[in-house]
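[1] Using only what follows, build the 3D model:
(chains A and B)
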Number of protein chains: 2
Amino acid sequence: MAKKINISSNHVLRLLASSSIILNLFFIWNWYGGTGGEWDYYYLSWSKRAAAEAEAVAAIPCSGHGTAYLDGLVLDGSKVPVCECNTCYGGTDCSQLDLHCVVNSDSGDPLFLEPFWMQHAASSALLVAGWHRMSYSYSDHSSISKELVKQIRQLHSTVGNAVTDGRFVAFGVGSTQLLNAAVYALSPANSSSPAAASVVASIPFYPVYQTQTDLLQSEEFRFQGDASLWKNNSKDGKKIIEFVTSPNNPDGHLNKAVLHGSNVKHIYDHAYFWPHYTAITAPANADLMLFTLSKLTGHAGSRFGYVPAQ
Amino acid sequence: MAKKINISSNHVLRLLASSSIILNLFFIWNWYGGTGGEWDYYYLSWSKRAAAEAEAVAAIPCSGHGTAYLDGLVLDGSKVPVCECNTCYGGTDCSQLDLHCVVNSDSGDPLFLEPFWMQHAASSALLVAGWHRMSYSYSDHSSISKELVKQIRQLHSTVGNAVTDGRFVAFGVGSTQLLNAAVYALSPANSSSPAAASVVASIPFYPVYQTQTDLLQSEEFRFQGDASLWKNNSKDGKKIIEFVTSPNNPDGHLNKAVLHGSNVKHIYDHAYFWPHYTAITAPANADLMLFTLSKLTGHAGSRFGYVPAQ
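    As a prediction, the model looks like this:
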């Protein structure tokens, strides 16, 4: 049996006003609160949909063994993107371990850095407007972002692993592209020397040095194997381009150049020369050095490499 | 002189409750309202900062003659990105017209498409999470996005300007890269024919065909000018690669191949084969066709080209 309660209109109003104020405080906290920082104090309009879309995709559970992406596959009939599973995992939510999966020790993915970026979700997210950089070039007629070059110099200065002051910085679609660009740049095009440059590296070397140099069939350079075999020949005037990989891929040794002389040029591949792979004893200071996001931040799929060069 | 008003506590409560409820409604409208669509009904957390940052940059006034970008220059001592002015404009807000500015008719930027994307800000914005696609490859071990290929096929099917069913679709860093990749792919590497392929095009042709082919100094191909000069030679077994540009760059003609035969391969450059440049009378159906975002959407700076090929 319900008890009869005597409620005055004043009581109802008090309840209504206080709950409405609490709801407002909740809205205000949500609107102005969040991760903190100067950018939180803006009202969102056209960016809200993209932001919500990204959060919805990130919230799709993939069991910690995969990720759903905004640009990933969307199954027909559904609007929800599909989990893309890491190697050896399957199922719609990547929860099924393939017990017969064989580990491929010949290559790797920098996915061990993914949790770091997930932990720093707010500070690493980026909203790209639909009209982002439509021009072929920057307003200074350059194809190189001054701000990006500035950030790269600051990074190396802070980490202390490379001297970049006074050097140009060129970008490439991953360092793989720059490996070839560097070989090409150091080759004797239209010089008086008719012979192609010999491209060499210390064994064991990253096989892409050879496959790419062979594949391109240039008149200007030719891959010719182990650097140490050229020690006695390196002073006869023939152009030599030596890849020096430090730390080395695949054995991790801090390789040094084995060939020297006015006819020898070096390409220092410092993809792994970062404190999370090796101790940094001194900043690298070569004329031409290669770095890549794949090993620095783990963004291998973004295909970004750069060369500080003199 | 102020008039004395008799206000009861009930009146104050009514006022408080009603204004608080109006504020509630405002917050609710802002939170759930906006551009419409399914994604608006999510609560934002880690994405909010990036979204607000993008809107703040987009709101920087550049007089309609320039744009400020999130990855643009930031003047020292300030945290506000700098306006990047279109050609012939200057000043901090791009309001100053350079009266001595000379029009460069030799090249152009697809900036005329920028207002379209600004008008569609909400539907074209994209929020990229900090852990976006860190792997070297997709989960199917491919380096090609299935979803992107699907979207490209749908686009051409809707527009009716190219047959893409049953063809592979390859991507490149702008179509400039693919121009060379196509020449390379069609050249007679390791064939019984020792001679380099002749790369030709009808005059007037896009000069990059020549500069890039010359620059790369490959053993496999050589630029050899006007296609029509090879009409009598095209049946002697020598490999010929003909660039066919339709609409042509620079004169806009709907070029057709001038060379034919089993030793002739064609690269159809359809960069401008879209309804906003020319009438589409029939879908292009060649074995190897080149397209680019630069001319389709105007995103020249994004460096994206693709090749539907058999």
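
[2] gap between stretch A:203-216 and the chain center?
    Put simply, stretch A:203-216 sits 22 Å off its chain's centre (C-alpha atoms, centre = their mean, to the nearest Å).

[3] got the buried residues for that stretch?
    A:Phe205, A:Tyr206, A:Tyr209, A:Gln210, A:Gln212, A:Thr213, A:Leu216 (16 or more other C-beta atoms under 10 Å in any protein chain shown). (Each C-beta comes from the backbone N, C-alpha and C, glycine too.)

[4] now do stretch A:15-27
    A:Leu16, A:Ala17, A:Ser20, A:Ile21, A:Leu23, A:Asn24, A:Phe27.

[5] mind showing which ranges of the stretch 101-250 of chain A have poor pLDDT?
    For the stretch 101-250 of chain A, the stretches flagged by pLDDT under 70 are A:189-194, A:234-236.

[6] got the residues of it near chain B?
    By the rule C-beta under 8 Å from any C-beta of the partner chain, the part of the stretch 101-250 of chain A lying against chain B is A:107, A:109-111, A:113-114, A:117-118, A:120-139, A:145-148, A:173, A:189, A:216-220.

[7] Kindly recompute the last result at 6 Å.
    Proximity of the stretch 101-250 of chain A to chain B (C-beta under 6 Å from any C-beta of the partner chain) is limited to residues A:109, A:111, A:114, A:117-118, A:121-122, A:124-131, A:133-136, A:139, A:146-147, A:173, A:217-220.

[8] Tell me which of those residues fall in helices.
    Secondary structure defined by DSSP state H assigns A:Glu114, A:Trp117, A:Met118, A:Ala121, A:Ala122, A:Ser124, A:Lys146, A:Glu147 of these to helices.

[9] Neighbour count for the residues you listed - can I get that in JSON lines?
    Compiled in JSON lines, those are given as follows (neighbours: other C-beta atoms under 10 Å in any protein chain shown):
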{"residue": "A:Glu114", "neighbour count": "18"}
{"residue": "A:Trp117", "neighbour count": "19"}
{"residue": "A:Met118", "neighbour count": "15"}
{"residue": "A:Ala121", "neighbour count": "20"}
{"residue": "A:Ala122", "neighbour count": "19"}
{"residue": "A:Ser124", "neighbour count": "18"}
{"residue": "A:Lys146", "neighbour count": "13"}
{"residue": "A:Glu147", "neighbour count": "16"}
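
[10] Closest to chain B out of the residues you listed?
    Among these, A:Ser124 lies closest to chain B (C-beta to the nearest C-beta), at 2.7 Å.

[11] just to revisit the earlier point, filter the residues of the stretch 101-250 of chain A next to chain B down to the buried ones, ChimeraX style.
    Command for ChimeraX that selects the buried part of these, burial taken from 16+ other C-beta under 10 Å:
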select /A:109,111,114,117,121,122,124,125,126,127,128,129,130,131,133,134,135,136,139,147,217,218,220
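
[12] How many residues are close by the residue nearest to A:Ser302 when sequence neighbours are not counted?
    Leaving aside its sequence neighbours, A:Ser302 sits nearest to A:Leu293 (C-beta to C-beta, 6 or more residues apart in numbering or on different chains; 5.7 Å). By the criterion of other C-beta atoms under 10 Å in any protein chain shown, A:Leu293 has 20 neighbours.

[13] right, and out of the buried residues of stretch A:15-27, which lies closest to B:Pro247?
    A:Phe27 (54.4 Å; C-beta to C-beta).

[14] And the closest one, how far from B:His120?
    29 Å (C-beta to C-beta, to the nearest Å).

[15] Let me see the ranges of the strands in the stretch 151-300 of chain A.
    A:168-172, A:197-201, A:221-226, A:240-245, A:264-269, A:289-292 (DSSP state E, counting those that start in this stretch).

[16] Could you dump the ones you listed into JSON lines with mean neighbour count and distance to B:Gln224 added?
    Converted to JSON lines, these look like this (neighbours: other C-beta atoms under 10 Å in any protein chain shown; distance: least, C-beta to C-beta, whole Å):
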{"stretch": "strand A:168-172", "mean neighbour count": "17", "distance to B:Gln224": "30"}
{"stretch": "strand A:197-201", "mean neighbour count": "25", "distance to B:Gln224": "26"}
{"stretch": "strand A:221-226", "mean neighbour count": "17", "distance to B:Gln224": "24"}
{"stretch": "strand A:240-245", "mean neighbour count": "25", "distance to B:Gln224": "30"}
{"stretch": "strand A:264-269", "mean neighbour count": "24", "distance to B:Gln224": "32"}
{"stretch": "strand A:289-292", "mean neighbour count": "26", "distance to B:Gln224": "35"}
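
[17] Let me have these in CSV, extended by distance to B:Asn233.
    Shown next, in CSV, are the strands of the stretch 151-300 of chain A (distance: least, C-beta to C-beta, whole Å):
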stretch, distance to B:Asn233
strand A:168-172, 38
strand A:197-201, 34
strand A:221-226, 31
strand A:240-245, 38
strand A:264-269, 41
strand A:289-292, 44
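
[18] Tell me the bridge partners for A:Gly90.
    Per DSSP bridges, the residues bridged to A:Gly90 are A:Gln96.

[19] so it touches A:Gln96, yeah?
    Yes: proximity of A:Gly90 to A:Gln96 meets the contact threshold set by C-beta atoms under 6 Å, at 4.7 Å.

[20] Compare those two (neighbour count), which wins?
    Using other C-beta under 10 Å as the criterion, A:Gly90 and A:Gln96 rank with A:Gly90 on top: 17 against 14.
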